[in-house]
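> Sequence first, predicted model second:
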There are 2 protein chains.
Amino acid sequence: MQLYLEKLKEGGLKLTPRRQAIIEFFVDGKSHLTPEEVWKKLKKRFDRCGLPSVYRNLESLVKCGILTKIQQFDRKKHYGLCSAVHGDYHHHHITCIECGKVDEIKDCAIGDAKKIKGYKVVSHFIQVNGICADCSRG
Amino acid sequence: MQLYLEKLKEGGLKLTPRRQAIIEFFVDGKSHLTPEEVWKKLKKRFDRCGLPSVYRNLESLVKCGILTKIQQFDRKKHYGLCSAVHGDYHHHHITCIECGKVDEIKDCAIGDAKKIKGYKVVSHFIQVNGICADCSRG
DNA sequence: CCTCAAATAGAAACTATTTCTGTTTATTAT
DNA sequence: ATAATAAACAGAAATAGTTTCTATTTGAGG
């Protein structure tokens, strides 16, 4: 947790109670959350809190490297704790479709390929969906 | 073109003028399009045409294997002609961020991996964005 | 403690998508 | 050909997720 708060400061972001709470949700839950889910949790702790702040905060936390965006096939945004917070290495994510847990995948076929099929590769995105060991047992 | 019309029939879908037109847009343009872009093109040919039909048709065309969804990082849906229309083999897509052209990638690191990191792999998605040879030259 | 930029709430706007209802149209079987 | 019928359709309206705006509050540095 302390690590994340330092990351916040490094990114020039203030340490507000709401931001701390949001980070805690991700640290404790070890899962990915949508802005609305974050908002619901936040409302339990704070009498007054607005959804727009949640959106802004999630984006800020992505920018300073604490969270990562997870692309799903619905219209909602998804965010997860970036487990690569200790170093900025290349990785992707595997998400449990049952419980929402997010893990990282270090092996990447695209890696630092500069060219594929004549294309100059600019960016790439890999998302794996599965069922984690815990949920499989259940 | 004929190939696609057969695919439509195979999928149990009617051969309507609007569907033919939509397929043509993709075949001729060789690029990915959003529902709204398709709608704009459609309106030039048909006096009356509704956006909801466009959405429905694009989804139908995905289901019968003519189009494929392309995940971008905006809120819009993107569709592209599935170049694997001749066979239903496993592949992903590379998209030119300049002109929107879509090519397929046959090599896939995830492939038919059953397990990754203890997760039972259910599905995966790879999207590569780049600049194609034509656009690089320009 | 004072200042001030950053963060915030709440309302309202916006945008992409979906749902609904009644009408039209392409296919299939006569 | 033509009638029957299930699918496709238009257009209006609703919805959902996100963003913008404005005025107020708050945290961090002096």
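Done, it's in. Numbering: from 1, shown residues only, chains lettered A, B, ... in the order given.
> The residue in chain A sticking out farthest from the centre: what's it in contact with?
Most distant from the centre of chain A: A:Gly118, at 32.1 Å, with distances by CA atoms, centre = their mean. Listed by CB atoms under 8 Å, 6 or more residues apart in numbering or on different chains, the contact set of A:Gly118 reads B:Cys132, B:Ala133. Using the backbone N, CA and C atoms, a C-beta is placed for each residue, glycine as well.
> Equivalent analysis for A:Gln72, please.
Applying CB under 8 Å, 6+ apart, we find A:Gln72 in contact with A:His78, A:Thr95, A:Gln127.
> Go through those residues and name the one nearest DNA strand D.
Nearest to DNA strand D out of those is A:His78 (CB to the nearest atom of the strand; 7.9 Å).
> how many other residues sit next to the nearest residue to the closest one once chain neighbours are set aside?
Leaving aside its chain neighbours, A:His78 sits nearest to A:Ile70 (4.1 Å; criterion: CB to CB, 6 or more residues apart in numbering or on different chains). The local packing of A:Ile70 (other CB atoms under 10 Å in any protein chain shown) involves 19 other residues.
> Check the spacing between A:Ile70 and B:Phe25 real quick.
31 Å (CB to CB, to the nearest Å).
> coming back round to it: what's the closest of the contacts of A:Gln72 to chain B?
Here the nearest of these to chain B, counting by CB to the nearest CB, is A:Gln127; it sits at 4.9 Å.
> you'd agree the closest one is up against B:Val122?
No. A:Gln127 sits out of contact with B:Val122 when judged by CB atoms under 8 Å, with a separation of 11.4 Å.
> Which one of these two is surrounded by more residues?
More neighbours surround A:Gln127 than the other of A:Gln127 and B:Val122, with 20 against 13 (other CB under 10 Å).
> List the strands paired with the top strand by length along chain A, with their directions.
Criterion DSSP state E: the longest strand present in chain A is strand A:119-131. Here strand A:119-131 is paired, per DSSP bridges, with strand A:92-96 (parallel), strand A:115-116 (antiparallel), strand B:119-131 (antiparallel).
> which secondary structure element contains the spatially most central residue of chain A?
By CA atoms, centre = their mean, chain A has its centre lying nearest to A:Gly80, at 2.1 Å. According to DSSP states H and E, A:Gly80 maps onto strand A:79-81.
> can you tell me if that strand touches chain B.
No. Against chain B, strand A:79-81 shows no contacts by CB under 8 Å from any CB of the partner chain, the least distance being 13.5 Å.
> again with stretch A:29-45
No. Among the residues of stretch A:29-45, none lie within reach of chain B under CB under 8 Å from any CB; the closest is 13.1 Å away.
> what comes into contact with that stretch?
With contacts defined as CB under 8 Å, 6+ apart, stretch A:29-45 is touched by A:18, A:21-22, A:25-26, A:49, A:51, A:54-55, A:58, A:70, A:76-81, A:95-96, A:99-102.
> pLDDT averaged over it - what is it?
Averaging pLDDT along stretch A:29-45 yields 91.
> does DNA strand D sit close to it?
Yes. Against DNA strand D, stretch A:29-45 shows contacts by CB under 7 Å from any atom of the strand at A:Thr34, A:Pro35, A:Glu36.
> Would you mind listing the buried residues in that stretch?
The neighbour-count check on stretch A:29-45 (16 or more other CB atoms under 10 Å in any protein chain shown) flags A:Gly29, A:Ser31, A:His32, A:Leu33, A:Thr34, A:Pro35, A:Glu37, A:Val38, A:Trp39, A:Lys41, A:Leu42 as buried.
> quick check, nearest of those residues to DNA strand C?
Set against DNA strand C, the nearest of the buried residues of stretch A:29-45 by CB to the nearest atom of the strand is A:Leu42 (7.4 Å).
> returning to that earlier point: following the longest strand of chain A, which helix or strand shows up next?
Next helix or strand after strand A:119-131 toward the C-terminus (DSSP H and E): helix A:133-137.
> Tell me the buried residues in stretch A:68-77?
Per 16+ other CB under 10 Å, stretch A:68-77 contains these buried residues: A:Thr68, A:Lys69, A:Ile70, A:Gln71, A:Gln72, A:Lys77.
> what sits opposite the second one in the beta ladder?
Which is A:Lys69. Under the criterion DSSP bridges, A:Lys69 forms beta bridges with A:Tyr79.
> Touching, it and A:His78? I think so.
Yes. Applying CB under 8 Å as the test, A:Lys69 and A:His78 come out as touching, 6.9 Å apart.
> Right, I'll call it a day here.
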